[in-house]
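> sharing a model prediction with you, sequence too.
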Amino acid sequence: MAGVPDISLSDGSRIPQVGLGVLRVDDGEVGGVVESAIALGYRHIDTAAGYGNEGGVGRGLKASGYDSGPARRSLWLTTKLRDSEQGYDSALRAFDRQIGLLGTDYVDMYMIHWPTPFDWRADQVWKAFTRLRDEGRVRTLGVCNFLPEHLERLHAQTGEYPAVDQIELHPTWQQRDVTDFCRRKGIAVEAYSPIARGADLDAGDGVITAIAAAHGVSPAQVILRWHVENGTIVIPKSVHADRQRENLDLFGFSLSQAEHAAIDGLDGPTRAGHDPMTYAYA
Ligand SMILES: NC(=O)c1ccc[n+]([C@@H]2O[C@H](COP(=O)([O-])OP(=O)(O)OC[C@H]3O[C@@H](n4cnc5c(N)ncnc54)[C@H](OP(=O)(O)O)[C@@H]3O)[C@@H](O)[C@H]2O)c1
């Protein structure tokens, strides 16, 4: 299987373009899921305080020998701050707890999970995040679910754009206004729910499955390859080793311009997750 390329970020870091998401994987189960992914070649894990499984992720890293030393430095680990812990002191306290659970000296990326524009504290959080970055405990600062107005608001208050915006992105929810803004500002786009939690695998009345058949690959591989060719970072979640392997095996085929146009044409008005204007993830 060909290797996963890195994407260069505005802060000089390099993030593996394909990672493993672990939302809705129990703390007791996630260690084995992480071990399986690392054994298959994943070098990028995406978790969050809100997933309640950072301790299990830490146990998986340790069991794989990726919790310290050169192995740890070869792996990208992302976690996120709970919305209820937004604030300067509360973010610093949260980070201490999170890194203890993860059992590692630093995280590669720490993210604001939701913008909560109705209770905006991202500027305070950013001060805590930059302190953690100065201390070398966090390498890269990111946000999730930020729309252009939230990115502008943060920039006006802090003078910085995040290096990464992790947003819901898949063929039937393409958010081109957000991705265009991010690309103009040098913010890397990371797709969560990249296959719409499975709902897009048969999108477009056979469009995806026909492309998959033409290349002898699966529908998930077609969608993930489309993201990869768009320059997007992807973090598909699977607890099954065979699907983890499939979701990493994206570099032996390419899509034609016509195939890109067909997938681009599947954009629609239905999100799989929540609305960043109104949602808070306690
Ligand atoms: N920042 C945020 O607000 C936010 C929100 C949502 C998600 N995320 C992150 O993004 C990650 C991915 O998103 P997601 O978990 O919502 O959805 P997803 O990755 O689009 O889809 C995951 C679902 O698809 C199935 N699946 C995975 N690979 C497959 C394949 N090759 N063929 C068929 N089915 C497959 C999985 O089942 P099995 O596990 O049973 O294989 C699971 O039910 C999350 O785990 C999380 O890390 C972030």
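Perfect, I can see it now.

> what's the neighbour count on residue 166?
By other CB atoms under 10 Å, 27 other residues sit near residue 166. All C-beta spots, glycine's among them, are computed from the backbone N, C-alpha and C.

> pretty sure it belongs to a helix, no?
No. Secondary structure of residue 166 (DSSP: H, G, I helix; E, B strand; the rest coil): strand, not part of a helix.

> could I get the contacting residues of it?
Contacts for residue 166 (CB atoms under 8 Å, 6 or more residues apart in numbering) come out as 46, 111, 142, 143, 144, 145, 190, 191, 192, 235.

> I'd guessed residue 194 sits against residue 171; true?
No. Residue 194 lies out of contact with residue 171 (CB atoms under 8 Å); the separation is 9.4 Å.

> overlap of the contact sets of those two?
Common neighbours of residue 194 and residue 171 (CB under 8 Å, 6+ apart) are residue 223.

> and the contacts of residue 166 as a markdown table, adding pLDDT and distance to the ligand?
Below are the contacts of residue 166 laid out as a markdown table (pLDDT from 0 to 100; distance: CB to the nearest ligand atom, whole Å):
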| residue | pLDDT | distance to the ligand |
| --- | --- | --- |
| 46 | 99 | 4 |
| 111 | 98 | 7 |
| 142 | 98 | 9 |
| 143 | 98 | 9 |
| 144 | 98 | 4 |
| 145 | 98 | 5 |
| 190 | 99 | 8 |
| 191 | 98 | 8 |
| 192 | 98 | 3 |
| 235 | 98 | 5 |
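
> so how far is residue 32 from residue 255?
Taking CB to CB, to the nearest Å as the measure, residue 255 and residue 32 are separated by 33 Å.

> check residue 215 too.
31 Å.

> swap in residue 144?
In terms of CB to CB, residue 144 sits 26 Å off from residue 32.

> for residue 88, same thing?
Residue 88 sits 37 Å away from residue 32, going by CB to CB.

> all strands of this structure, in order?
In the chain, the strands defined using DSSP state E lie at 6-8, 14-16, 20-21, 44-46, 76-81, 107-112, 138-144, 164-168, 188-192, 233-234.

> mind putting these in a markdown table, distance to residue 209 included?
Conversion of the strands of the chain to a markdown table gives the following (distance: least, CB to CB, whole Å):
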| stretch | distance to residue 209 |
| --- | --- |
| strand 6-8 | 28 |
| strand 14-16 | 28 |
| strand 20-21 | 23 |
| strand 44-46 | 27 |
| strand 76-81 | 31 |
| strand 107-112 | 33 |
| strand 138-144 | 30 |
| strand 164-168 | 22 |
| strand 188-192 | 20 |
| strand 233-234 | 20 |
